[in-house]
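Peer 1: Based on what follows, work out the 3D shape:
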Amino acid sequence: MSLLSGLLPAGHALAVLLALTGAVLLALGTHAQHAAVTRSELARSKAAKPEAAKPEAARPEEGRSGAAGSGHPAGMRRLLRTPLWLLGGALIVLETVSNVIALGLAPIALIQPLGTASLALAVLLGARASHSPLTREAVFAVLLTAGSVAAFVSISAQHVEHSPASPDAAGVLAALLIAGSFAGVLLARSRAGHLARVAAAGILFGCVASGAHVAAARFLAGEGLPLPVWIVIAALAPASAVGVWLVQTAYASGSAATVLAGLTVIDPIAAVTVGTVVLGEYGTLPASSLALLAVSAAGALWGVRLLVGHRHGTLQAPRSPAVSASADTMGDAHREGVPLHP
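Peer 2: Numbering: from 1, shown residues only. The predicted structure follows:
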């Protein structure tokens with residue numbers, strides 16, 4: 001804590017510590033939920049094999065439609081009865097609380113990039129679960145990601161301005177949250193591929209983080225909450241729910257590391273963009289600082305790409321989980337170190 005206090009402006013050290021704690025909780029929660037979804041998809045696939053041999057008229061409606069995957073109501077109801085999935089959800093709720101407090105104490109540009117640390121931790125968790133030793137490339141990727149994020153946060157700390165958002169800015173953000181929620185629902189129910197779902201979830205969660213920052217910052221500063229801020233607060237819950245829905249459909253069609261990459265890379269990019277364009281958090285940036293921010297951001301993106309590539313090879317968009325369960329579920333379970341039987 002004393003080290004953070006020496007590197008960051010007064011009042012921001014606690015926020016950074018809370019954000020780092022949240023990154024750990026996010027990695028643990030994501031790992032647990034992916035394991036639960038993988039098991040659920042495996043069980044559903046096994047149950048569907050005997051049904052496939054029956055005449056179509058004799059099959060249950062759910063089996064004919066294929067809509068019982070994790071991205072549909074029946075699949076979600078099944079997950080809500082799974083202890084491991086609920087444990088992961090509880091950890092993510094704790095991460096959310098920790099991150100909201102951090103966002104109220106410091107600008108978005110300082111807090112959201114720290115979530116990238118959860119991807120590095122997820123790689124370590126996956127290696128332990130699958131009993132796979134880390135290669136030099138993986139260690140390099142972890143160090144590159146951590147170092148780049150640390151550099152980005154340190155540079156940002158010298159130029160960000162932490163002040164409550166104006167009502168006009170809050171109104172623009174409220175419109176983004178509402179529009180993003182509707183778009184997310186349409187995407188979750190579509191035939192869109194894995195990467196589209198990951199990207200949409202990351203963007204939506206970035207907007208949610210921005211909304212939480214606006215509300216928490218005004219509350220902690222003792223400022224009043226004008227109508228646009230109340231609209232932002234009201235939009236946070238449905239936007240978060242749609243984001244979770246997108247994440248579950250992404251789990252069912254790809255790897256946990258790819259999903260986490262979306263939550264920890266696209267999320268902060270979206271949040272920092274909103275903070276810069278809508279909320280005006282950055283002051284005047286000299287060319288040298290702007291160049292260093294760009295280099296550190298590129299380093300973080302490269303590190304994340306190496307981490308995901310180390311675990312799962314080339315990123316591809318599998319079939320939509322809204323149509324059928326992923327054909328690679330068994331392979332994903334093995335790579336993630338998830339036991340194939342509860």
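Peer 1: Going along the chain, name the helices of the stretch 1-150 of the chain.
Peer 2: 2-7, 12-52, 61-65, 73-79, 83-105, 108-111, 117-129, 136-157 (DSSP state H, counting those that start in this stretch).
Peer 1: could you dump the ones you listed to TSV with distance to Leu263 and mean pLDDT?
Peer 2: To be clear about C-beta, it is placed using only N, CA and C from the backbone, and glycine gets the same treatment. Shown next, in TSV, are the helices of the stretch 1-150 of the chain (distance: least, C-beta to C-beta, whole Å; pLDDT from 0 to 100):
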stretch	distance to Leu263	mean pLDDT
helix 2-7	24	51
helix 12-52	7	79
helix 61-65	29	43
helix 73-79	18	68
helix 83-105	10	88
helix 108-111	14	84
helix 117-129	8	77
helix 136-157	14	83
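Peer 1: Comparing these, which comes out most buried?
Peer 2: helix 108-111 (a mean of 28; mean count of other C-beta atoms under 10 Å).
Peer 1: For Val160, give me phi and psi.
Peer 2: Phi and psi for Val160, reported as degrees, to the nearest 10, are phi -80, psi 150.
Peer 1: again with Thr82
Peer 2: The phi/psi pair for Thr82 (degrees, to the nearest 10) is phi -100, psi 120.
Peer 1: Can you name the residues that contact it?
Peer 2: Thr82 makes contact with 36, 39-40 under the criterion C-beta atoms under 8 Å, 6 or more residues apart in numbering.
Peer 1: which one among these gets closest to Ile108?
Peer 2: Ile108 lies nearest to Ala36 out of these, by C-beta to C-beta, at 30.5 Å.
Peer 1: For Val295, give me the pLDDT.
Peer 2: Looking at Val295, its pLDDT reads 92.
Peer 1: do the same with the one 3 residues further on
Peer 2: The predicted structure scores Ala298 at 89 on the pLDDT scale.
Peer 1: Report the backbone C-alpha coordinates of stretch 198-211 in CSV.
Peer 2: C-alpha atoms of stretch 198-211 as CSV (Å, rounded to 0.1, in the frame of the first residue of the first chain):
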residue,chain,number,x,y,z
VAL,A,198,-17.1,-11.8,-26.7
ALA,A,199,-16.6,-8.4,-28.2
ALA,A,200,-20.2,-7.3,-27.5
ALA,A,201,-19.9,-8.4,-23.9
GLY,A,202,-16.7,-6.5,-23.5
ILE,A,203,-18.1,-3.3,-24.9
LEU,A,204,-21.3,-3.5,-22.9
PHE,A,205,-19.3,-4.2,-19.6
GLY,A,206,-17.1,-1.2,-20.5
CYS,A,207,-20.2,1.0,-20.7
VAL,A,208,-21.5,-0.5,-17.4
ALA,A,209,-18.2,0.3,-15.7
SER,A,210,-18.4,3.9,-17.0
GLY,A,211,-22.0,4.1,-15.6
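Peer 1: what residue is smack in the middle of the chain?
Peer 2: Centroid check for the chain by C-alpha atoms, centre = their mean gives Leu263 as the closest residue, at 2.2 Å.
Peer 1: Thought Leu246 was touching it, still the case?
Peer 2: No: under the criterion of C-beta atoms under 8 Å, Leu263 makes no contact with Leu246, lying 10.4 Å away.
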